[in-house]
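**Student:** Return a 3D structure for these sequence lines:
(one chain, ligands or ions: 1)
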Amino acid sequence: MSHASSGPSAISGVGLRKDYGDRSVLRGVNIAVPSGQIAVLFGANGAGKTTLLRTLAGLSRPDAGDVHIAGLRMRRSGGRARDLVGFVGHQTLLYNDLTCRENLVFYAKLYGVARPERRIESILARLNLADRADRRVRTLSHGMQKRLSVARAILHEPAVLLLDEPESGLDTDSVASLGELLQDWSSSGKTALLTTHSSEIGQAWADRVLTLNRGRLVEQTHAHRDGVGANDASNADPASG
Ligand code: ATP
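**Tutor:** As a prediction, this is how the structure comes out:
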């Protein structure tokens with residue numbers, strides 16, 4: 001189940017700084033998540049979790065530091081590194097007037113997904129949205145829109161999936177099936193990093209637990225998803241993988 005014996009980093013950030021005016025939100029964060037692992041990022045409201053995730057996704061430019069995705073440098077890859085990331089944030093990035101299927105067809109074209117029809121149907125089924133496929137997004141509940149946002153993010157089979165509080169708005173069954181999806185995701189060698197305020201999710205899903213406090217990564221624990229944990233660094237060393 002766990003792939004805690006680290007391979008090369010699927011995603012890494014070195015010396016990440018982000019300032020908003022005179023407020024430093026990220027103050028030299030080093031982070032690395034090896035291929036095939038699920039990392040869970042904790043931190044109080046305002047700690048900088050969303051800022052870090054958006055920076056790692058290439059959606060926000062750091063004031064200092066570098067991000068690498070599967071060995072590609074975010075700043076120098078001409079968008080190729082960004083294409084290797086799937087992002088589930090607070091905004092769904094869906095088109096409200098299109099149906100679920102139409103949204104996925106749009107994103108499949110954007111990402112050049114080969115044989116999109118099969119992939120779209122299988123993902124709709126996986127996210128338990130097959131019977132809503134022809135419904136317009138604006139008519140779906142918040143939780144259903146969140147599930148479709150996950151479908152959008154995994155459609156192009158990115159190497160790394162970043163999810164910002166993915167459990168928010170999901171019912172218990174949907175949280176459980178998202179957990180299964182992420183376990184399958186990491187078992188196939190892919191990587192996920194998610195933020196949450198739920199310690200249950202951290203315990204159940206994480207190979208690695210990280211905590212962000214006032215813009216610094218203050219703790220990194222190998223959780224191994226079986227409850228055995230051990231602190232291993234005060235600030236993750238990307239080079240160690
Ligand atoms: P939460 O748990 O509440 O979602 P978080 O850990 O995700 O919080 P961030 O959303 O990353 O925290 O915000 C970190 C800090 O940066 C906060 O003080 C926030 O007000 C500030 N901040 C975030 N985005 C901006 C922005 N675009 N402009 C100015 N300040 C910002």
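**Student:** Only alpha carbons, please: show the longest helix seen in the chain as CSV.
**Tutor:** If you go by DSSP state H, the chain has its longest helix at helix 172-187. Taking Å, rounded to 0.1, in the frame of the first residue of the first chain, the C-alpha atoms of helix 172-187 are listed here in CSV:
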residue,chain,number,x,y,z
THR,A,172,-18.9,10.7,4.1
ASP,A,173,-19.2,8.2,1.2
SER,A,174,-17.5,10.7,-1.2
VAL,A,175,-14.6,11.3,1.2
ALA,A,176,-14.1,7.5,1.5
SER,A,177,-14.2,7.0,-2.3
LEU,A,178,-11.7,9.9,-2.8
GLY,A,179,-9.5,8.2,-0.3
GLU,A,180,-9.7,5.0,-2.4
LEU,A,181,-9.0,6.9,-5.5
LEU,A,182,-5.9,8.5,-4.0
GLN,A,183,-4.6,5.1,-2.8
ASP,A,184,-5.0,3.7,-6.3
TRP,A,185,-3.3,6.8,-7.6
SER,A,186,-0.2,6.3,-5.4
SER,A,187,-0.2,2.6,-6.0
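**Student:** And the average pLDDT for it is what?
**Tutor:** Averaged across helix 172-187, the pLDDT comes to 95.
**Student:** now stretch 210-230
**Tutor:** When pLDDT is averaged over stretch 210-230, the result is 70.
**Student:** Now do Arg152 against Met144, distance only.
**Tutor:** To Met144, Arg152 is 13 Å away according to CB to CB, to the nearest Å. Just so you know, the C-beta spots here come from the backbone N, C-alpha and C atoms, and that holds for glycine as well.
**Student:** For those two, work out which one has more neighbours and name it.
**Tutor:** Taking neighbours as other CB atoms under 10 Å, Arg152 and Met144 compare with Arg152 leading, 25 against 20.
**Student:** Output the set of residues of the protein in proximity to the ligand.
**Tutor:** The chain has residues Tyr20, Val25, Gly43, Asn45, Gly46, Ala47, Gly48, Lys49, Thr50, Thr51 near the ligand, with proximity defined as CB under 6 Å from any ligand atom.
**Student:** tell me the contacts of the residue nearest in space to the middle of the chain?
**Tutor:** For the chain, the residue nearest the mean C-alpha position is Leu162 (1.1 Å; CA atoms, centre = their mean). Contacts for Leu162 (CB atoms under 8 Å, 6 or more residues apart in numbering) come out as Leu53, Leu56, Ala57, Val85, Gly86, Phe87, Val88, Ala192, Leu193, Leu194.
**Student:** and the one helix or strand the first one maps to, how far from the chain's centre?
**Tutor:** To tie it back to what came earlier, the one meant is Leu53. Under the criterion of DSSP states H and E, Leu53 resides in helix 49-56. Distance of helix 49-56 from its chain centroid, counting by CA atoms, centre = their mean, to the nearest Å, is 10 Å.
**Student:** what comes up buried for the next helix or strand after it?
**Tutor:** Going down the chain from helix 49-56, the next helix or strand is strand 64-69, by DSSP H and E. Across strand 64-69, burial judged by 16 or more other CB atoms under 10 Å covers Gly65, Val67, His68, Ile69.
**Student:** wait, doesn't the first one sit right on Asp19?
**Tutor:** Put plainly, it is Gly65. No: contact between Gly65 and Asp19 fails when scored by CB atoms under 8 Å: they sit 11.9 Å apart.
**Student:** before we move on, back to that, tabulate the buried residues of strand 64-69 (CSV), appending distance to Leu148 and pLDDT.
**Tutor:** Output for these, formatted as CSV (distance: CB to CB, whole Å; pLDDT from 0 to 100):
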residue, distance to Leu148, pLDDT
Gly65, 33, 97
Val67, 27, 96
His68, 30, 96
Ile69, 24, 96
